[in-house]
Every structure is written in C-alpha cells, then in structure tokens.
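Chemist: sequence and predicted model, in that order:
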Amino acid sequence: MRRSGVLSVALALTGCFYGFSGGGLPSHVHTVAIIPFENLTANPELQRELVESLRSQLRDRLGLRDAAEARANAIVRGTIRRYETDIPIGYSATNKQTTTARRQLQISVDIEMVDQVSGKTLWERKGLSADGQYEERGEAVGRKQAIDRIVADIIQGAQSQW
C-alpha cells in the first residue's frame, strides 16, 4: 500500500514538471516566433498588447523561448478581425446621481501555429473571440480582459491539439 502511494506522488510530480515544460508539444519545439498580427481594426494598441500577452504566456505556461522567425521551431501568426466597443450591458442611476453605464467589448482573431521543422499546422482557429466588460471610460480594462481570455484559449487549444 505504501509503495503505491509513493509511486502516485512520483507520477504526479513528473506530470507537473512535464506540463510546465510544454505539455504535449512536439519534442523538437523549444522556440517560437510571434509574427506581428495583421490588425484590421482602428485600434493601434491592440496588436502590441495581444502579441506581448501571447509572448509572455507562451513562455510562462508552455516554456517556449522567443526566437527570430528564421530560427524558431514554431511560428504564431494571425489577424485581428474585429474590435467592437461600447456595447451597453447595464445602467445604474439614482435621483441624485448621474447615470453610469456598464459596457462590453469584443475582439475576434484568426490564429495559426505552424511547426517550421515539419511545415505542419499545429493549431488553427478562425473567429476566436472574447469579450471584456468595463465601466464608462474604462475601455483598457475590458480590452485586457478580452486579450487575457483570447490568449488563455490559444494556450489551451494548442495544448489539447499537440
């Protein structure tokens, strides 16, 4: 009985370390290049914020190091298709206070991850979208929420496909 407990702990620890080092990535993929996304929206910050968040999470959650496109084992590229803001979702007011509104925004992207060694697409998703909520004049907060959700979906999708 004691032996199986020790074995279970050893397997659990091995699984944790394996998951941290890339969880299911092809064994030769250690580096990644994120190509700046094509931005079809009117928001210039969106591209930079999305790429920075994606770069950070690929490093922290999958253990991938940044590399130049020519030397990377894998590349990530995409298109930011839509960025809609000021979608009203709630209002509040009192007799003595002005009305405030809660708003929502939505971001939609197409994304592809390609293994540069084999030339195969590792993961692809068209129309990946997420939303974020914010108070009036707080669009940056909602944008960060939506970007965080998109990046989490990309990481999760990539892990489940590889």
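Modeler: Structure received.
Chemist: and L54, how many neighbours?
Modeler: 21 (other CB atoms under 10 Å). C-beta: built from backbone N, CA, C; applies to glycine.
Chemist: just checking, it touches A33?
Modeler: No - contact criterion CB atoms under 8 Å: L54 and A33 do not qualify, at 11.5 Å.
Chemist: common neighbours of the two, please.
Modeler: Common neighbours of L54 and A33, counting by CB atoms under 8 Å, 6 or more residues apart in numbering, are V76.
Chemist: tell me if R143 really is in a helix.
Modeler: Yes - according to DSSP: H, G, I helix; E, B strand; the rest coil, R143 belongs to a helix.
Chemist: run through the bridge partners of I87.
Modeler: Residues in a beta bridge with I87, per DSSP bridges, are Q104.
Chemist: contact partners for it?
Modeler: Per CB under 8 Å, 6+ apart, neighbours of I87: R103, Q104, L105, Q106.
Chemist: at 7 Å what do you get?
Modeler: Counting by CB atoms under 7 Å, 6 or more residues apart in numbering, I87 touches R103, Q104, L105.
Chemist: how about E112?
Modeler: R77, G78, T121, E124.
Chemist: same thing with R71?
Modeler: R71 sits in contact with T31, where contact means CB under 7 Å, 6+ apart.
Chemist: and it, how far from V117?
Modeler: R71 sits 11 Å away from V117, going by CB to CB, to the nearest Å.
Chemist: quick one: the residue nearest to S118 when sequence neighbours are not counted from L62, how far?
Modeler: Distances taken as CB to CB, 6 or more residues apart in numbering place P26 nearest to S118, at 7.7 Å, with adjacent residues excluded. Distance, P26 to L62, by CB to CB: 12 Å.
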